[in-house]
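# How does the following fold in three dimensions:
(chains A and B)
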Amino acid sequence: MLFPTVQFAIFFPIVLALSWALMSRPRLWKPFIVVASYVFYAAASWRFCLLLAGVTLGNQAAARLIDRAADERRRSVILGVAVALDLGVLAAFKYYGFFVQSLAHGLDDVGLGLPLPLLAIALPVGISFFTFQAISYVVDVKRRVVPPSGLVDVAVYLSFFPHLVAGPIVRAKEFLPQLAAPRDPSRVAVGSGIALIGLGLVKKVVIADFLARTVVDPVFAVPDAYSAPDVWLAAYAYTAQIFCDFSGYTDMAIGLALLMGYVFPQNFRSPYRATGFRDFWRRWHMTLSRFLRDFLYIPLGGNRGGRAKTYRNLLITMVLGGLWHGAAWPFVLWGAFHGVGLVAEHALGGRLRTPGWLRWLVTFHLIVLGWILFRSQSIDLAGSFLSRLTVPGDATLWSVPVVLAIVVVIGLQLLPEKPLERLQVRIERIRPAVLGAGFAVLVLFVGATVSSQGVAPFIYFRF
Amino acid sequence: MSPPTDDSLMNRFDEHGLRRFRARDAVIAVTLASLLLVLFEGAAVRRAGEQMDPGVGRGVVLAVGKPAGAIADALPLASAAHSVTGWLSPDGKLDARDSFTAASAVTGGDAGVPPVTADAFDPARIGAPPAPKRRLHTLLVTGDSMSTPLDSEVSRLLVGGTVRVIGEPHLGTGISKSFLVDWGQLSAQQVKRDHPNAVVVFIGANEGFPMKGPGGREVKCCGADWAAVYANRVRRMVDTYRQRGAARIYWIGIPAPRSAARQKISRVVNEAAEVATQPWRGQVRVIDTGAIFTPHGYRDAMKVGGVESIVRQPDGIHLNQKGAALLAATLLQQIRQDFVY
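From the prediction side, this is the model:
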C-alpha cells in the first residue's frame, strides 16, 4: 500500500482512531498495530508477510539466546548466525539474480559458460529496511544497549507500517523504549504531523513526479539523443527529484508516526547545503549512514588502525552502502565514488583552505555527478550521459516550471534553518480543525497534478 | 535501557512546545480532512475501487467508495473543485466522441456485411510487390506498463537519426479499463497531437475487466463475447492510429505471463488483436512475442546473444531491460521493412 493512494486514505483514519482508543491498553494496542501493519504489508503480497514474520521470529529467538548466554564468545557466535541469516535473506531475494547473472556473464566471457539457474525472484518491498532493523535489534541486545523485548514488541518494531517499506531505518534503541509505556494522549504534535504529511505529498507528487516525467526519465533513458543543456538540466533535475521523492516519503512516514504519538529519527537535514562528503552523509539518509557507521565501519576497525586501514574501511563501507541501494553495478560505482570522496577528504584533513562557497559548489557538483551514476541503468548509459555533458546543442527541455522547481528545491536548502523552525512553530499553533480542512484543500490541488500516467512508485521502494 | 542519546534528533518535537494538542485533536483533524475529501472527491474513491483487481482490497475500497461517490454525485462540490484545480492537470482534454462507450463504438460498426478491401492483404503473403518504403519521421511507442522500457530501448536504437521517438506509457491502464483511461479517446488525441507515421502499441497487462457489449449489457472476461467487444475496441484504435493508411502500426502481442490466470486473459487478448487487425493486414503488423519469449510456456531466462539472460521482471508479466532490448531489435527489423530512416 502506497501512502498517496485511496486505499491508504481509507486505512489510516480508521487505524489512527482505533490506535488512540486502544493506546491505554498495551495488551490490546500492540497486537492491533501488528495486525494493522501486516494488513498494510499484505496489500503488496500476503506472501511477503510470511517472510516478515519469519525474520521477526528468527531474530527474537536469537535475541533471547544471546540474553541467556553468559559467555561472551557464545553471544558473539549467536549474533553472527542471526546476522548471517538476515543477510542471507537479503542476498537470496535481492542479490541472487545479480550475482548469478554477473557470474554467468563472467564465465561466458572466458569460454566457461555453465547452465546456472537464472530466476527472476520478486523483491519483497522494504526487505532492505526491515532486515537492517532486525540486525540493529540483535546487535543492540548483544551490546546490552537494549534488553530483549517481548515477541509482540519486536513484531511492532519491525512491522510498524509508517516505516515498514521505505524507512527511515529506526534503530531498536530509538523505538523500543517508546513501546515501554503508552504514548501520552495529551501531548501530540498534530500540526507537525499534518504539515509533514502535506509537505511529503507535495514533494513527491507535485515536484518529483513532474521532474521525472518532463526531464529526467527521457534524458536518462536515451542520453545520446540530447545535448549539453538538456543533459545538465536532467542532472540537476534528478538531484532535486531524488531528494523530493525520498525525503517526501520520509516526511510522510514521520508525520504519520507523529499523529500516532511516535517519533522517528530525522533522515534528512538540507543535504544539498553540505560542504563536503562527510557533511553530506550527516545530512542525507542519516539513518542509513548512522547504521553503516555503527554496524559496519566501526566493527571493521573504523579509524583505529592507521591511515591505510581507515581508507580501506571507508571504501568497503561505502561500496557495500552502494550495493544496499540495488543489485546493479552503477550503485556499486556510486558507492565507490562516495568512498573515494570520503578518503580524499580524510587525506586532505582540512589542509586545503578554500572559501565556504567554493567548498559548497564543488561538493554539490560532485554529489550531482554521483547521482548520474546512481540513476543510470547501466555503466554504459552513465558513460553516454557523462560524454553528452560537453556536447553543444539546443535546450529543448528547459522551461520555467522545471527550472523553478529545481531552484526552489535546492535553494530552500541553502536558506538559514531558523525561519523554517519558526514556521513549524506557527503551524503547530493552528487549530486542528483548520489544519484538517487545509490538508483536504492541499490534497485536492495535489491530486489535480497527477497525470493519467499515474503516480510513479517511490524510488526507495526498490531498495 | 539507555535513552536515545545519539545524533538521531529524537527530541526535536519536544522543543518549542510542538506537542501542544491531544490525540483527540489528531483524530478530529484527520477525520475532518477525510470527510471533506469524500464530499469533494467521493467519486474518485469509487473510481479507484473499480480500477482495482478483484479481491478483498477492492471490496473494501468499493464499500467506502460507492456511498462516498453517491454523496459526491449529489453535490456540486466536485465540479466546483475541478474548475478551480483543472488548470493544474498535465493531461490534454480528451474528446468524448472518440470514447469506447460512444454508441457506434460498442457494436463495432454498422450492420451489414463489410466489404473486404485491398488493405486486408499483406503483399508479402500473396507474393505481391511490397509497398514502397516511406521515410519515418515520427514513431509513437505507447501502451500500458508493458511499453516501458521498450520505448527507451527503441529510442536508444534510433538515436542520432532524424526519427522523433515519442514514448507514452500509461501505467495501469487497459483497453478493457476504459473507466480509467479510454484508449479510444486517448488514441485519437495522440494522433491529433503527434501525427505519427508509425505507431507501436504494447498493451495487455491489465486486461480482463467487464465491458459493455451490444445492447449495453455487461460482458465478463474471457469468452468469445468478451473477446469480440475487446477486438472491436482494438479495431477502433487501430483504425485511428492508421490514419486512413498514412501510418503503419506494430501491435505487439503479450508474451505468456507466469500466472495461469493471467495466461488465460493474455491468450484471449492476443487472439482478439489478431482478429481485430484483419481488415488492414497490409498496414498493421502483429508481432508474436510468444514465439520469442515463451515458445514452450513461461520462462524467466533465455539465450540472448549466446548468453543465458533473465528477460522478465520478477512479477512474471513485464519484460526487463534485456528483454525489452531484444524486442526493440526485433521490432526495428519489422519497421525497416516498411520505412527508411
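
# and the residue of the stretch 151-300 of chain B nearest chain A?
Taking Cβ to the nearest Cβ, chain A has its nearest neighbour within the stretch 151-300 of chain B at residue B:152, 3.5 Å off. Every C-beta, even on glycine, is put in place using the N, C-alpha and C of the backbone.

# what residues are up against residue B:157?
Each residue near residue B:157 by Cβ atoms under 8 Å, 6 or more residues apart in numbering or on different chains is listed here: B:328-329, B:332.

# And the strand or helix carrying residue A:105, how far out from the chain middle?
In this assignment (DSSP states H and E), residue A:105 forms part of helix A:96-109. Distance of helix A:96-109 from the chain centroid (Cα atoms, centre = their mean, to the nearest Å) equals 28 Å.

# and that helix, which residues are buried?
A:96-98, A:100-101, A:104, A:108 (16 or more other Cβ atoms under 10 Å in any protein chain shown).

# what's the next secondary structure element after that helix?
As assigned by DSSP H and E, the chain's next helix or strand after helix A:96-109 is helix A:127-142.

# Now residue A:358: phi and psi?
Note on residue A:358: backbone dihedrals following degrees, to the nearest 10 are phi -70, psi -40.

# From residue A:365, how far out is it?
11 Å (Cβ to Cβ, to the nearest Å).

# of the two, who's got more company?
Legend: neighbour count by other Cβ atoms under 10 Å in any protein chain shown for residue A:358 and residue A:365, higher for residue A:365 (13 against 10).

# Over to that one. Which of the three states is it?
helix (DSSP: H, G, I helix; E, B strand; the rest coil).

# contacts with chain B among the buried residues of helix A:96-109, please.
Contacts with chain B within the buried residues of helix A:96-109, counted by Cβ under 8 Å from any Cβ of the partner chain: A:97, A:101, A:104, A:108.

# Would you confirm that the second one contacts residue B:309?
Yes. Under the criterion of Cβ atoms under 8 Å, residue A:101 lies in contact with residue B:309, with a separation of 7.0 Å.

# what about residue A:264, how many neighbours?
So residue A:264, with other Cβ under 10 Å, has 25 neighbours.

# do the one 5 residues further on as well
Residues lying near residue A:269 (other Cβ under 10 Å) number 16.

# That one: what's it in contact with?
Per Cβ under 8 Å, 6+ apart, neighbours of residue A:269: A:282-283, A:286.

# and residue A:338, how far is that from chain B?
19 Å (Cβ to the nearest Cβ, to the nearest Å).

# hang on, isn't that residue packed against residue A:319?
No. Look at residue A:338 against residue A:319 with Cβ under 8 Å: they stay out of range, at 9.0 Å.

# who has more neighbours, the two?
A count of neighbours by other Cβ under 10 Å puts residue A:338 above the other of residue A:338 and residue A:319, at 26 against 19.

# what helix or strand is the more buried one on?
helix A:329-348.

# returning to that earlier point: what's the local residue count around the closest residue to the residue of the stretch 151-300 of chain B closest to chain A other than its chain neighbours?
Distance criterion Cβ to Cβ, 6 or more residues apart in numbering or on different chains; nearest residue to residue B:152, sequence neighbours excluded, is residue A:221 at 3.5 Å. Residues near residue A:221, counting by other Cβ under 10 Å, number 19.

# what residues are up against residue A:221?
B:149, B:151-152, B:155-156, B:167.

# for chain A, what helix or strand is lowest in average pLDDT?
In chain A, the helix or strand scored least confidently by mean pLDDT, DSSP states H and E is helix A:96-109, which has a mean of 75.

# what's that one packed up against?
strand B:307-310 (3 or more Cβ pairs under 8 Å, 6 or more residues apart in numbering or on different chains; DSSP states H and E).

# CA atoms of the strand it packs on as CSV?
Only the C-alpha atoms of strand B:307-310 are listed here, as CSV (Å, rounded to 0.1, in the frame of the first residue of the first chain):
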residue,chain,number,x,y,z
VAL,B,307,24.4,-15.9,-23.2
GLU,B,308,21.7,-17.1,-20.8
SER,B,309,20.0,-14.0,-19.5
ILE,B,310,17.0,-13.1,-17.4
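
# now that strand: mean pLDDT?
The predicted model assigns strand B:307-310 a mean pLDDT of 83.
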